[in-house]
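**Q** model the following, please.
(one chain, ligands or ions: 1)
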Amino acid sequence: MKNNHNRGGAARNGSQGGKRNSAPGSAGHARGGSGSRGRGGSRPAAAEITGLPVAKNDEVTLDIIGMNHDGEGVGRADGYTLFVPGALPGEKITAKVLKTKKQYGYAKMQMLVESSPARVEAPCEIYDRCGGCQIQHMDYAAQLEWKRQQVADSLQRIGKLNVRPLEGEASAASAGTKASAKTLEAGAHAAGLGENVPGRDGVSDKYEATARTGGTAQESATAFGGGEGYENSGAAPDGETAVSGASSTNLGDAPFVGGTVGAEVSASEGILVPPTLGMSEPWRYRNKAQVPMGQENGRLIGGFYARGSHRIVDMETCIIQHEANDEMVETVKAIGRELGISAYDEETGRGLLRHVVVKVAFATGEKMVVLVTSGDRLPRVDDWVEEIRSRVPGVKSICQNVNTRQTNVIFGDVTRVLWGDEVIHDYIGEVKFAISARSFYQVNPAQTEVLYGKTLEYAGLTGSETVIDAYCGIGTISLFLAQKAKRVYGVEIVKEAIEDARKNAKLNGIENAEFEVGASEDVIPRWKAQGITPDVIVVDPPRKGCDPRLLETILEMKPERVVYVSCNPATLARDLRVLEDGGFKTVKVQPVDMFPQTVHVEAVALLLRESFNMVRNQKNKYPLF
Ligand SMILES: C[S@@+](CC[C@H](N)C(=O)[O-])C[C@H]1O[C@@H](n2cnc3c(N)ncnc32)[C@H](O)[C@@H]1O
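**A** Reported below is the predicted structural model:
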């Protein structure tokens, strides 16, 4: 899945064999100007056969002209694209070629010759080894700009859509990353669109529910940080208050938070892609940690998988996690040592404690500890409960999940409550959610509110609308929208998610939302046949985007609006093209930063049906086109 080259290593801080802000021309052993190859290396025959301008072990000097969606710098050596982890756009570096493919290769940064103003020292001590974050070495403002550019570039390059430049921007394609769309197209790096690109296969890697086996950025992310999704579902769901629940029924007045352009949108001038909505404090934002346990010299440890291996490295803190999660993990590890629990060894299949999963509800402060064990019996269970209760203030739920399978998947099928409640409660906006050990819940609650606020705003609800929420997960968006709609229909493929959605609707006394299990592309055509006519369709698909049958059904159903929430700009652009060809106009695409310090890009798009808007335009009510 994820690209093993996506590892900045020390080079991400520009410290690998080099120094920050080295004077231009101080490039040690690298020779030549931009993109030139060092003469020292003897060239393997393979390179000569394929006629590549560089070969493995060559040393090159590169101007970094962009950053790909794995966060790797993009350089050109005699027209050949090299991806360099840790290098930032605008930098000049020397690098050693590690691997060559027909259209592109990978190189390791040797020395930073000219540094980008966006370069910062990554604050995390284990950033080089962990890989859960990929762009900590980039200033946050630059991260946000880069994410916006990813969206704008995809819309233009893949969707062949016209993006209007922001004020002061020559053209959307030339801003931000500096690399032209053409450059970023090099190699197979058109994300998620059928090309076999490492880590970008169109499947929701962000939402995988596996413990992974170590060695990639995503693996570490799933160990301590990631793993969002319906645990073990396979088809797992995904997962500042600039706008919160703002609803605009008149798009002419729609607020554009942080945007530099006026409120009126003209499709003829292109799609508006406002600046990414980021966090004022882009750290400590995660509400869930899933930590693999191991043993080092007989001592219980827990942290992340070392790069390229299954070896667990002990970790005390993860600075994108809420402090409470760090504390809970440390406490549970200490208790485990005191009580003499053994860590599960995935090679031998021996040992008991596999993972410690902790969750904290930001709005209520409620906490949950889940001990994932390889066997049913937890020795000294009463001591476990007593110690956790006395040492984790605010703990509401202590659970054991039993996973007897030799698998990378974190959770097994059996979960039992050892003490307290089965769930903890949290709020997104006004909506209350019950979160169980295995249920999916968005991991960045502050930004979830921003994302859903935009979704609600774009849905433009007045209270009389029928809404379909496709790919609804546990119904978070559905319940958010139900507050302002006449009726909401949610559909989701994971059965447990729909059970949670129904429970959460009850919990909030929401009676105008109903949910069905199944594939959106199967269920929604059925709803159409039953006579359900939505005014608004919201889709929030996994990375691979919407099924073509669903897009076809949307075109046939002719809703006034489509709101498309996307975690993959490439598939978003592809699907918007289909909807545009079928009579919708994309008005705005708002990037929202759900995962600061990582390369994940989330965006929400508003599309309006052309004929609908022409009518409104005649009445001069909605000055959109
Ligand atoms: C990006 S998540 C969105 C979840 C939800 N909207 C939220 O914000 O929490 C995508 C969801 O689509 C579900 N899914 C995947 N394929 C599906 C399909 N063909 N039909 C319906 N749901 C699907 C996944 O299980 C997952 O819950």
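**Q** would you tell me which strand is longest in this protein?
**A** Across the chain, the longest stretch assigned as strand under DSSP state E is strand 104-114.
**Q** buried residues in whichever helix or strand comes after it?
**A** Counting by DSSP states H and E, the next helix or strand C-terminal to strand 104-114 is helix 127-130. Buried positions in helix 127-130, judged by neighbour count with 16 or more other CB atoms under 10 Å: Tyr127, Asp128, Arg129, Cys130. No exception for glycine: its C-beta is placed from N, CA and C like everyone else's.
**Q** mind listing the helices for the protein?
**A** 45-50, 127-130, 140-157, 181-185, 217-220, 323-339, 381-391, 445-459, 476-482, 495-507, 520-529, 548-557, 569-581, 610-618 (DSSP state H).
**Q** got those helices as CSV, with mean pLDDT columns?
**A** As requested, the helices of the chain are exported to CSV (pLDDT from 0 to 100):
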stretch, mean pLDDT
helix 45-50, 47
helix 127-130, 86
helix 140-157, 97
helix 181-185, 39
helix 217-220, 31
helix 323-339, 98
helix 381-391, 98
helix 445-459, 97
helix 476-482, 96
helix 495-507, 94
helix 520-529, 98
helix 548-557, 98
helix 569-581, 98
helix 610-618, 56
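**Q** next, format those as a markdown table and append distance to the ligand.
**A** Shown next, in a markdown table, are those (distance: least, CB to the nearest ligand atom, whole Å):
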| stretch | distance to the ligand |
| --- | --- |
| helix 45-50 | 39 |
| helix 127-130 | 24 |
| helix 140-157 | 16 |
| helix 181-185 | 24 |
| helix 217-220 | 16 |
| helix 323-339 | 20 |
| helix 381-391 | 29 |
| helix 445-459 | 7 |
| helix 476-482 | 4 |
| helix 495-507 | 6 |
| helix 520-529 | 4 |
| helix 548-557 | 8 |
| helix 569-581 | 11 |
| helix 610-618 | 25 |
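**Q** and for the closest residue to Gln406 other than its chain neighbours, the neighbour number?
**A** In space, and not counting its chain neighbours, Gln406 is closest to Gly349: 5.8 Å by CB to CB, 6 or more residues apart in numbering. Neighbourhood size, Gly349 [other CB atoms under 10 Å]: 11.
**Q** pull the number of nearby residues for Met138.
**A** Neighbour tally, Met138, other CB under 10 Å: 23.
**Q** who's in contact with it?
**A** Leu88, Ala118, Arg119, Val120, Trp146 (CB atoms under 8 Å, 6 or more residues apart in numbering).
**Q** try it again with 6 Å
**A** Met138 sits next to Ala118 when contact means CB atoms under 6 Å, 6 or more residues apart in numbering.
**Q** model confidence for it, exactly?
**A** In this prediction, Met138 carries a pLDDT score of 98.
**Q** just Val313 next, same as before
**A** Per the predicted model, pLDDT is 85 at Val313.
**Q** adjacent strands (with direction) for the longest strand of the chain?
**A** Strand 104-114 pairs in its sheet with strand 80-85 (parallel), strand 92-100 (antiparallel), by DSSP bridges.
**Q** and it, how far out from the chain's middle?
**A** Put simply, strand 104-114 sits 26 Å off its chain's centre (CA atoms, centre = their mean, to the nearest Å).
**Q** only C-alpha atoms, please: export that strand in CSV.
**A** C-alpha atoms of strand 104-114 as CSV (Å, rounded to 0.1, in the frame of the first residue of the first chain):
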residue,chain,number,x,y,z
TYR,A,104,10.7,8.4,-12.2
GLY,A,105,13.0,7.5,-9.4
TYR,A,106,13.8,8.1,-5.8
ALA,A,107,16.7,9.8,-4.2
LYS,A,108,17.9,10.5,-0.7
MET,A,109,18.8,14.0,0.3
GLN,A,110,22.5,14.4,1.1
MET,A,111,22.9,18.1,1.6
LEU,A,112,20.6,21.1,1.7
VAL,A,113,22.2,23.7,-0.4
GLU,A,114,19.5,26.3,-0.4
